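Participant: Here is my input; please provide its structure:
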Amino acid sequence: MENHESGKGVPNMFENPEILKKISPKFDELSLDLQEVYKHSKDPAFIAVLLFKLAEEREKTNKILNEIADKYDQIMFKLKTERISENSTPLTQTPQPHDLSTQVLPEQDQMIVHLAQTRGHVSAEEVRAELGYKGSNAASQRLNKLFKDGHLKKVQSGRKVLYLARNL
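Facilitator: Residues are numbered from 1 along each chain as shown. Predicted coordinates:
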């Protein structure tokens, strides 16, 4: 088998810049940086610096994308909560509350409703932490039951499901 890593037999367009100028003067202009990189491409320290710079740029890009996603989630949450508070058609079907004045909630459910009222909204993870559940499944089930019974409103904010206190 032949070793193709050496690049023998393959003409390198950067070794003869005159060919580049003849073929495409515009490409020659745009490829000056590439020509400079090629000159130093055999130096491991140079390659390490390039890879480090690439990693830095990737981190910056990921940070920007995360900030955009967070802002999107905030905007969507605000839009959804405003729609619900204006009594327009909610984005999630809200069951009609039963006669809540005659219902007495268990202590844990009262605590969850109180959390939602004091914080403005609550998630399953917050309920799990506050009530000391091992997992968030129990918290999710309680929140969904309170939603179905009409004690809480339910909105989706990005990947999170938030529950809001009802103003009765």
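Participant: who are the neighbours in contact with residue 109?
Facilitator: Shown in contact with residue 109 (C-beta atoms under 8 Å, 6 or more residues apart in numbering): 142, 145-146, 151. In short, each C-beta sits where N, CA and C put it, glycine included.
Participant: so what pLDDT did residue 10 get?
Facilitator: The per-residue pLDDT reported for residue 10 equals 45.
Participant: any residues touching stretch 42-51, and which ones?
Facilitator: 37, 40-41.
Participant: now those in JSON lines, with distance to residue 134?
Facilitator: Below are the contacts of stretch 42-51 laid out as JSON lines (distance: C-beta to C-beta, whole Å):
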{"residue": "37", "distance to residue 134": "54"}
{"residue": "40", "distance to residue 134": "56"}
{"residue": "41", "distance to residue 134": "55"}
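Participant: can you give me the helices for the chain?
Facilitator: All helices of the chain, identified by DSSP state H, fall at 17-23, 25-30, 32-39, 44-85, 107-119, 124-131, 136-148.
Participant: For residue 159, which of these is the nearest?
Facilitator: For these, the distance to residue 159 is smallest for helix 44-85, at 8.0 Å, taking C-beta to C-beta.
Participant: quick check: angle from that closest one to helix 32-39?
Facilitator: Comparing the axes of helix 44-85 and helix 32-39 via axes from the mean of the first three to the mean of the last three C-alpha atoms, to 10 degrees yields an angle of 130 degrees.
Participant: where's helix 44-85 relative to the chain centroid, distance-wise?
Facilitator: 8 Å (C-alpha atoms, centre = their mean, to the nearest Å).
Participant: cool, and stretch 155-165?
Facilitator: Worked out by C-alpha atoms, centre = their mean, stretch 155-165 lies 15 Å from the chain centre.
Participant: picking up where we left off before, can I get the helices of the chain in JSON lines including distance to residue 160 and mean pLDDT?
Facilitator: Listed next are these as JSON lines, based on distance: least, C-beta to C-beta, whole Å; pLDDT from 0 to 100:
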{"stretch": "helix 17-23", "distance to residue 160": "53", "mean pLDDT": "73"}
{"stretch": "helix 25-30", "distance to residue 160": "45", "mean pLDDT": "72"}
{"stretch": "helix 32-39", "distance to residue 160": "43", "mean pLDDT": "75"}
{"stretch": "helix 44-85", "distance to residue 160": "7", "mean pLDDT": "85"}
{"stretch": "helix 107-119", "distance to residue 160": "14", "mean pLDDT": "87"}
{"stretch": "helix 124-131", "distance to residue 160": "8", "mean pLDDT": "88"}
{"stretch": "helix 136-148", "distance to residue 160": "11", "mean pLDDT": "88"}
